[in-house]
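1. everything below, folded, please.
(chains A and B)
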Amino acid sequence: MATRLRETDAVLLGVGLVGSIVGLELVRAGLKIVGLERGEPRHTVPDFQGPHMHDELRYAVRKSLMMDTAKETFTFRNYAGQTALPLRRIEGFLPGTGLGGSAVHWNGQTWRFQDTDFRMRTLTEERYGKGFLPEEATVQDWGVTAADLEPHFDRFEHLFGICGKAGNLNGKKIAGGNVFEDPRSREYPNPPMKEPYGCTLFRKAASELGFHPFPSPSANMSRQYVNPEGLELNTCTFCGYCERFGCEHYAKASPQTTILPVLLKHERFELRTGCQVLRINTKGGVATGVTYADASGREFEQPARLVIVGLYALNNVRMLLLSRIGTPYDPRTGRGVVGKNYAYQTTSNVDVFFDESVHVNPFMRAGANGVVIADFVSDNFDHSKLGFAGGGYIGEVMSHGRPIEHQPAPPGTPKWGSGWKRALVKHYNHTVALNVHASSLAVRANHLDLDPTYRDAWGQPLLRITFEFPENDIRMSAYLTEQARRIGEAMGGRQVAASPRKRPYTTTRYQSTHNTGGAIMGADRATSVVNPWLQSWDVHNVFVIGASAFPQNASYNPTGPVGALAFRAAEAIVGRYLKKPGPLA
Amino acid sequence: MSKPANPSRRRLMQAAGAGLAVAIPLRRVDAQPPGPQATQDRYEFFSAAEAAFIEAAVARLIPADELGPGAVEAGVPFFIDRQLAGAYGAGARLYRAGPWRQGTPSQGYQLPHTPAELFRAAIRAIEERLKEKSGFRNLSPHDQDGFLDALQNGKVDLGAAGTSEFFDVLLALTMEGYLSDPAYGGNRGMAAWRMIGFPGAYSNYYELVGRNAAFEAAPSSLAEGKHGHGR
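-> Purely as a prediction, here's the structure:
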């Protein structure tokens, strides 16, 4: 029997990026808040300090900062006819755990999605006609526009001290920035980072081919920065231990470096770690709070008047399903919404092999520094004769040279033996890897639901992922990867090897942690889980915030939009909901 | 366990740079690396027969040659031994609830064994299979490569230990031991890092970013316990 605790104004499910942003806004509005975090409390000092943080085996390979898959994981199958099996270790993506969530171990690539992403269904049909999207596509508009989100993107970029160069300031295009971006109201808070040599080679080749290279926007600092919360970040040292690690230098924006020191000392905020939320409790269509198990396994009921769900995207969806909030999606009939439009990221790469005169030094890198082109992002190019929708950026964004993970080798190189060793020595420091980071079309078959067989350590069903790359995205990857190969050839390497994305989707090698959808936002309650303010259509005092809200995934990395959506939801709660609790749409 | 033969030891010393001690003093930085009293030449997990298989197998996976030490000279068998003796070997972070079904390659590892159990069962099955040839270690290098290749491609049925699963883990651990920080018992003398030009646990390259130039300074290991680590 759960022990009933005293009611609080709001409870945060997860104290990561979303929980930290919304939590601070709500305590400032006068609310008393309890933050429930399943993992450990952790801080830049002492938890992320050197030299121990610079340990590839412990953090990158054994994944010390990630979700403990002995206790909970996901099951996976490529299509509905298969039996889903548990991911007994998670290799393909990296859900975090602990204070700060995945925004501790991220790389820091921070983008704004485009208006052509937010209104993909409408604008695609306008430009190419109603029959252009494939029949299986369940692409939807987000219910917001780029202009709606601009102030929230701006606020998030200043909180996180993003380094970049504007390409469109209030409608004025600026060469050297991202000329394809929608208008931004002011310049990035910090200038771009230093440019590694491989990026210089990419920039030159891309320019020669008529493309528009620009510095990738980064949450790794290019200089000392004091953010609007008065917290100081340091200049990034390019140590090469970014994604999968905490930053020892206070140089990567994270909840720890930009928000938590302010939130944690606020008198109206209480953090409880080691607390696994089991379900949101509802009565008469309203949430009454949550039930959670503490680290010793004891169950508590925490009554709350407002519930903020800010877990990892996949776990947001699972929490709704476990709590029976919203109608589960059925891929056979297309009815229901929770679990619908699960999407991913269609990544691929091109390796450019140089001779010994080119020293790439892949270990002198930061998670988000690079040079990219947006010429093939979203709908920035004419799709009418290409036979696919969507796009991606192409760039030199090598984030590290850690040798267990980074072993560039031409196709046909043996996986072991003297041939493997020769190739490693020959290519390790003389290879530039180009990334293709592309969108993921939502289709009818790809979805999330509760697994009928496998359970977590608390006895609850695991989330089941059903995913295969749609034919649209395979065609897109072939096209985009060919553009990257052309740039690679122009860079002057001795050999260029392109690896477009192929089926089947496999979870055994890392591709991306950009798992999106399943609790999607939209203007129509019949086809979405949350409204354009991230409020549940069914239970008005539950807000579900994160990449789970993306109706389909876009070309760029998702953290920028997640931060912007968190600010948008917080603004609606403080400005409208608290004054008159009820549906905002 | 036999010490590395003299020729390969000499090669290691050349690769590692004259005057560098191969055995690095160890400092406890995590639950997994050995404590300060641990010696590098005593097996905690493997029996003598298992160790003989592992030494012979990793010597083929990463052979010693003119480029640098092989897996044996780098201490990889001891790295694997300690990994299997510790939390990783016992199944840390491994979801272990049934039912157990054979999956597709997209679904990843689906055997009920912890890594420690998998190694025990697989080596037993392999040695049983090769009994008439006096075991894996007595095959010619050519035949050893052929057998490893068959293992990798799932052509050897290891019974309860599956097919290619063991090879996948063996190869992953061999790479990890060869290329991870020497604090874990492999990559002795940081020789693999020197061979490819990876500097290890340096903390700052700011001034060097953007130059097309080789990084010349000696690598840095967690085991050295430098507070300023590297630069």
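2. show me where chain B has its helices.
-> Taking DSSP state H as the test, the helices found in chain B are B:6-16, B:48-61, B:76-85, B:115-129, B:141-152, B:165-179, B:191-196.
3. point out the most buried one among those helices.
-> Compared across the helices of chain B, helix B:76-85 shows the largest average neighbour count, a mean of 26 (mean count of other C-beta atoms under 10 Å in any protein chain shown). All C-beta spots, glycine's among them, are computed from the backbone N, C-alpha and C.
4. now do that helix against helix B:165-179, angle only.
-> Put simply, helix B:76-85 runs at 120 degrees to helix B:165-179, going by axes from the mean of the first three to the mean of the last three C-alpha atoms, to 10 degrees.
5. so which elements touch helix B:76-85?
-> On a contact count with 3 or more C-beta pairs under 8 Å, 6 or more residues apart in numbering or on different chains; DSSP states H and E, helix B:76-85 meets helix B:48-61, helix B:115-129, helix B:165-179.
6. could you give the angle of it to helix B:115-129?
-> Using the same axes, to 10 degrees, helix B:76-85 lies at 120 degrees relative to helix B:115-129.
7. can you list contacts of helix B:76-85?
-> For helix B:76-85, contacts defined as C-beta atoms under 8 Å, 6 or more residues apart in numbering or on different chains pick out B:1, B:32-34, B:40-41, B:43-46, B:51, B:54-55, B:58, B:62, B:71, B:89, B:115-116, B:119, B:170, B:173-174, B:176-178, B:180, B:184-187.
8. pull the CA atoms of it into CSV?
-> Taking C-alpha atoms only, helix B:76-85 is exported to CSV below (Å, rounded to 0.1, in the frame of the first residue of the first chain):
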residue,chain,number,x,y,z
VAL,B,76,44.5,-8.2,-23.5
PRO,B,77,44.1,-11.6,-21.9
PHE,B,78,44.4,-10.1,-18.5
PHE,B,79,42.0,-7.3,-19.4
ILE,B,80,39.4,-9.8,-20.5
ASP,B,81,40.0,-11.9,-17.4
ARG,B,82,39.3,-8.9,-15.1
GLN,B,83,36.3,-7.8,-17.1
LEU,B,84,34.8,-11.3,-16.8
ALA,B,85,35.7,-11.5,-13.1
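9. for the stretch 401-550 of chain A, what spans make up the helices?
-> A:417-427, A:471-490 (DSSP state H, counting those that start in this stretch).
10. the shortest one packs against which elements?
-> Contacts of helix A:417-427 with other secondary structure elements, assessed using 3+ C-beta pairs under 8 Å, 6+ apart, are made with helix B:191-196.
11. now the helix it packs on: how far from the chain's centre is it?
-> The chain centroid and the centroid of helix B:191-196 are separated by 15 Å under C-alpha atoms, centre = their mean, to the nearest Å.
12. helices or strands up against that helix?
-> Where contact means 3+ C-beta pairs under 8 Å, 6+ apart, helix B:191-196 is packed against helix A:417-427, helix B:6-16, helix B:165-179.
13. for A:Tyr292, find the nearest of the ones you listed.
-> Ranking these by proximity to A:Tyr292 (C-beta to C-beta) places helix B:165-179 first, at 35.9 Å.
14. average pLDDT for that closest one?
-> When pLDDT is averaged over helix B:165-179, the result is 98.
15. do that helix and chain A meet?
-> Yes: Helix B:165-179 is in contact with chain A by C-beta under 8 Å from any C-beta of the partner chain, via B:Leu171, B:Thr174, B:Met175, B:Glu176, B:Leu179.
16. go through chain A and flag its longest strand.
-> Counting by DSSP state E, the longest strand found in chain A is strand A:299-309.
17. which strands border that one, and is each parallel or antiparallel?
-> strand A:3-4 (parallel), strand A:8-13 (parallel), strand A:286-293 (antiparallel), strand A:542-544 (parallel) (DSSP bridges).
18. tell me which residues in the longest one are buried?
-> Residues of strand A:286-293 classed as buried under the neighbour-count rule (16 or more other C-beta atoms under 10 Å in any protein chain shown) are A:Ala287, A:Thr288, A:Gly289, A:Val290, A:Thr291, A:Tyr292, A:Ala293.
19. can you pull out the helices in the stretch 101-250 of chain A?
-> Using DSSP H, counting those that start in this stretch, helices in the stretch 101-250 of chain A cover A:102-105, A:115-118, A:120-128, A:146-160, A:197-208.
20. between the ones you listed, which gets nearest to chain B?
-> helix A:197-208 (4.9 Å; C-beta to the nearest C-beta).
21. okay, the closest one in PDB with CA atoms only?
-> Output of helix A:197-208 as PDB, limited to C-alpha atoms (Å, rounded to 0.1, in the frame of the first residue of the first chain):
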ATOM      1  CA  TYR A 197      41.100  21.300 -40.300                       C
ATOM      2  CA  GLY A 198      38.700  18.600 -41.700                       C
ATOM      3  CA  CYS A 199      35.900  21.200 -41.500                       C
ATOM      4  CA  THR A 200      38.100  23.600 -43.500                       C
ATOM      5  CA  LEU A 201      38.500  21.000 -46.200                       C
ATOM      6  CA  PHE A 202      34.700  20.400 -46.200                       C
ATOM      7  CA  ARG A 203      33.900  24.100 -46.400                       C
ATOM      8  CA  LYS A 204      36.200  24.700 -49.400                       C
ATOM      9  CA  ALA A 205      34.900  21.700 -51.300                       C
ATOM     10  CA  ALA A 206      31.200  22.500 -50.600                       C
ATOM     11  CA  SER A 207      31.700  26.100 -51.600                       C
ATOM     12  CA  GLU A 208      33.300  25.000 -54.900                       C
END
